[in-house]
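Undergrad: What follows is a predicted protein model with its sequence.
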Amino acid sequence: MTNPIHRSATKLSPSSSSSSLSSHFTPKTLKKFHLYPSKNHRNHHQLRFSCCQSSKDSNFSPNQDPTLFSILLALPNWVDSIQEKGLEKKRSLYDHGDWVQHRSSSRHVRHFLSSLGSRVILSLLPPVIVFTSVAVVVATYNTAVALAWLPEFFPILRASSLPYQLTAPALALLLVFRTEASYSRFEEGKKAWTKVVSGTNDFARQVIASVVGPDDSILKTAILQYVVAFPVALKCHVIHDSDIEQDLKNILETDDLAVVLTSNHRPRCIIEFISQSLRSLDVDPTKLQFLESKLSCFHEGIGVCEQLMGIPIPLSYTRLTSRFLVLWHFTLPIILWDDCHWIVVPATFISAASLFCIEEVGVLIEEPFPMLALDELCEKVRSNIEDVMRNEKLIQARVNAKRKTHYKRDSPNGWTASLENRKPD
């Protein structure tokens, strides 16, 4: 950990002239501001300020007593850490039992009782606490002025509700469009992975059906291993802090895995493995060209995923929504004071919890891939391909047996029924 960067205010010392005027003058202890870097969950540098009393020892240690500003940052940092841990949680695909529970009539009670465990609800703690506290301060100040506890020149903080009535539709549209834009990104990510999974299964089926020579059996198995590894590599490419070595060690051979790990773009490296292996097969050029054309769905999936990861919703739109919400709730107690008085406190709490919750959901699903059950999708692809490989010879034997049975039943003289009709007289 890097040493803190100190930036302290220059100590003031009385000059000789000032000391002559007052020999008993003692300079007050000045507060010293220290600036040192810290890292959040995405390793972006964030500046934190701490305020402490200056002393003879100017060396500051982060292990000293926490300051007010660091205490105020503790709650948001704690909430952010919980939210990031929630994003790392593996999702699961729904089965019939999950759907029954999902549409259960008691779901509302279950969802309400689990509110404290929801990371969306926990992420609302910092803004809701701040704006509710502002409402308490405004209500306390107005009450003190109304009871003449403060001098008469202190005004009561009140304002007309007309500006809120005019701007409420604009805020509603901002939240709706923000959430809709985020959901469209989630839907696009889901469709991209649907194409990747279906394209992987289809490509594996084509390889199994096209490569039938005994000399190509080893390459055929290797190609199918690469096909299984591709969605896993793509998943690790779009999910932060994924352990690709752990995920691929049971799929690829050790030497192949070493090459993939040294590559800067692991999914494209696996595609190159597939392409080179296809060119080494002893198959018809037409079939080879057809198989290589199937790789286009892999490139398309990579392109869509990288676009969703690298290009968020326009930041100006996100910032405008956030600033609008903050300004709205900072002034809400003043607007509602004449009609609600101390009820502005619960009213501000409910408004902040509701509107910031909608905005938080939009931000959460803007990055779609942590919301998808990618681990189970990759495992499902692997199990499907392994099942086809396992049953390939059995199915082929059954088809050949049926063909022989049909051949003997329809043409005892050795000709099929269709060819018998074509035999010359």
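TA: Received it, and whenever you're ready, just let me know what you need.

Undergrad: pLDDT weak spots in the chain?
TA: 1-66, 68-69, 71-72, 75, 80, 86-87, 406-425 (pLDDT under 70).

Undergrad: As a check, name the ranges of all helices in the stretch 301-425 of the chain.
TA: Under the criterion DSSP state H, counting those that start in this stretch, helices of the stretch 301-425 of the chain are mapped to 315-340, 344-364, 374-410, 417-420.

Undergrad: Would you mark the buried spots in the first one?
TA: In other words, helix 315-340. Using 16 or more other Cβ atoms under 10 Å as the test for burial, helix 315-340 gives 318, 321-322, 324-325, 328-329, 331-337, 340. In this view, the C-beta of every residue, glycine as well, is placed from N, C-alpha and C.

Undergrad: right, so of the helices of the stretch 301-425 of the chain, which gets closest to His265?
TA: Distance to His265, taken as Cβ to Cβ, is lowest for helix 374-410 among those, at 18.0 Å.

Undergrad: Would you tell me what helix or strand Asn264 is located in?
TA: Using DSSP states H and E, Asn264 maps to neither a helix nor a strand.

Undergrad: residues near it, how many?
TA: 6 (other Cβ atoms under 10 Å).

Undergrad: Over to Val344?
TA: 25.

Undergrad: before we move on, what about Ile208?
TA: 16.

Undergrad: Skip ahead from the host helix or strand of it and say which helix or strand is next.
TA: Element membership for Ile208, per DSSP H and E: helix 162-210. Using DSSP H and E, the helix or strand that follows helix 162-210 in sequence is helix 217-238.

Undergrad: picking up where we left off before, can I get the helices of the stretch 301-425 of the chain in CSV with distance to Phe290?
TA: Shown next, in CSV, are the helices of the stretch 301-425 of the chain (distance: least, Cβ to Cβ, whole Å):
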stretch, distance to Phe290
helix 315-340, 44
helix 344-364, 42
helix 374-410, 19
helix 417-420, 28
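
Undergrad: Looking at those helices, spot the one closest to Arg268.
TA: It is, among the helices of the stretch 301-425 of the chain and with distance given as Cβ to Cβ, helix 374-410, at 17.4 Å.

Undergrad: Surely Ala181 and Pro312 touch.
TA: No - assessed by Cβ atoms under 8 Å, Ala181 is found out of contact with Pro312, at 9.9 Å.

Undergrad: got any residues that touch both of these two?
TA: Glu366 (Cβ atoms under 8 Å, 6 or more residues apart in numbering).

Undergrad: quick one, phi psi at Glu253?
TA: phi -70, psi 160 (degrees, to the nearest 10).

Undergrad: give me the element Thr140 is part of.
TA: For Thr140, the enclosing helix or strand under DSSP H and E is helix 125-146.

Undergrad: Pro126 - how many residues pack around it?
TA: Neighbours around Pro126, by other Cβ under 10 Å: 18.

Undergrad: Not counting residues beside it along the chain, what's closest to it?
TA: Pro76 (4.7 Å; Cβ to Cβ, 6 or more residues apart in numbering).

Undergrad: which residues does the residue lying closest to Pro368 once chain neighbours are set aside contact?
TA: Leaving aside its sequence neighbours, Pro368 sits nearest to Gly189 (Cβ to Cβ, 6+ apart; 3.2 Å). Residues in contact with Gly189, defined by Cβ under 8 Å, 6+ apart, are 304-305, 308, 368-369, 372.

Undergrad: now the residues you listed as a markdown table including distance to Thr143 and neighbour count?
TA: As requested, those are arranged in a markdown table below (distance: Cβ to Cβ, whole Å; neighbours: other Cβ atoms under 10 Å):
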| residue | distance to Thr143 | neighbour count |
| --- | --- | --- |
| Val304 | 57 | 17 |
| Cys305 | 56 | 22 |
| Leu308 | 51 | 19 |
| Pro368 | 48 | 22 |
| Phe369 | 50 | 21 |
| Leu372 | 51 | 19 |
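
Undergrad: Tell me the one among these nearest to Val130.
TA: Distance to Val130 across those (Cβ to Cβ) is lowest for Pro368, with 29.5 Å.

Undergrad: Now do the contacts for that closest one.
TA: 185-186, 188-190, 308.

Undergrad: looking at this, Trp149 is in a helix?
TA: No - applying DSSP: H, G, I helix; E, B strand; the rest coil, one finds Trp149 to be coil, outside a helix.

Undergrad: neighbours of it, just the number please.
TA: 10.

Undergrad: what about it, distance to Thr140?
TA: 10 Å (Cβ to Cβ, to the nearest Å).

Undergrad: repeat for Pro76
TA: 25 Å.

Undergrad: So what touches the helix holding Thr140?
TA: 75-76, 79, 150, 154-158, 326, 329-330, 332-334, 337, 341-342, 344-345, 347-349, 352-353, 356.

Undergrad: One more pass at 6 Å, please.
TA: Outside helix 125-146, the residues that touch it by Cβ atoms under 6 Å, 6 or more residues apart in numbering are 75-76, 79, 150, 154, 156-157, 329, 333, 337, 342, 344-345, 348-349, 352-353, 356.
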